[in-house]
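**Student:** my questions are about this predicted structure, shown below with the sequence.
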Amino acid sequence: MSIFEKKEKNLNELINKLDVLTSTYSQSSYETEKIKTEKNEILRQKSEIEKKNQELMREHKYLKEKKVKIIGVGGVDSADSAYDKIINGASLIQLYTGMVYRGPGIAKKISEDLNNIFKKQGVTNISELVGSKK
């Protein structure tokens, strides 16, 4: 299992736990506070995993020179999260989490929103952005 697959697995486990916590949110006030605390911890961990994932993609930009494509995986559920993967070195984006939680229509939504971002920045080809974050 690659480091990206491990990160994806960890992120999915955190998201599943968050989903369970959210669905049980209507319990007593003590349990509700406990759930809020756990939810915040999960979101913090998710954020740390995402940062590490993007650092790893940036560190492996040399692969781009060798014509190896990096696939951005984990937690892609919006144009912003896809954009972050792209500027950190991803040439391709895997949609799994977003489809699970938002359905197959998410692909069209992300594509449209990314096109809007690209137009605002004057980008004519996605390759202009791949790995552009310094």
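**Tutor:** Nice, thanks for sending it over.
**Student:** use CA for all of it now, contacts and neighbours both
**Tutor:** Will do.
**Student:** low-confidence ranges, the chain, go.
**Tutor:** For the chain, the stretches flagged by pLDDT under 70 are 1-32, 53-54, 56-67.
**Student:** all helices for it, in order.
**Tutor:** Counting by DSSP state H, one finds helices in the chain at the ranges 3-23, 29-59, 62-65, 79-87, 97-102, 106-121.
**Student:** may I see the buried residues of the last one?
**Tutor:** By that I understand helix 106-121. 106-107, 110, 113-115, 118 (16 or more other Cα atoms under 10 Å).
**Student:** in CSV: these, plus distance to residue 93.
**Tutor:** Listed next are those as CSV, based on distance: Cα to Cα, whole Å:
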residue, distance to residue 93
106, 13
107, 10
110, 11
113, 14
114, 12
115, 15
118, 16
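**Student:** ok, the residues you listed vs residue 98, which is closest?
**Tutor:** Looking at the buried residues of helix 106-121 and their distance to residue 98, the nearest is residue 106, at 6.6 Å (Cα to Cα).
**Student:** identify the residues contacting the closest one.
**Tutor:** Residue 106 sits next to 77-78, 98-99 when contact means Cα atoms under 8 Å, 6 or more residues apart in numbering.
**Student:** ok, it to residue 72 distance?
**Tutor:** Residue 106 sits 16 Å away from residue 72, taking Cα to Cα, to the nearest Å as the criterion.
**Student:** follow-up on the earlier one: check the contacts of residue 106 and tell me the two furthest apart.
**Tutor:** Most distant of the contacts of residue 106, by Cα to Cα, are 78 and 99, 10.5 Å apart.
**Student:** who's more crowded, the two?
**Tutor:** Applying other Cα atoms under 10 Å to residue 78 and residue 99 shows that residue 78 carries more neighbours, namely 18 against 15.
**Student:** that one reaches residue 110, doesn't it?
**Tutor:** Yes - Residue 78 lies in contact with residue 110 (Cα atoms under 8 Å); the separation is 5.6 Å.
**Student:** taking the buried residues of helix 106-121 together, which two end up most distant?
**Tutor:** Of all pairs in the buried residues of helix 106-121, the most separated under Cα to Cα is 106 and 118 at 18.0 Å.
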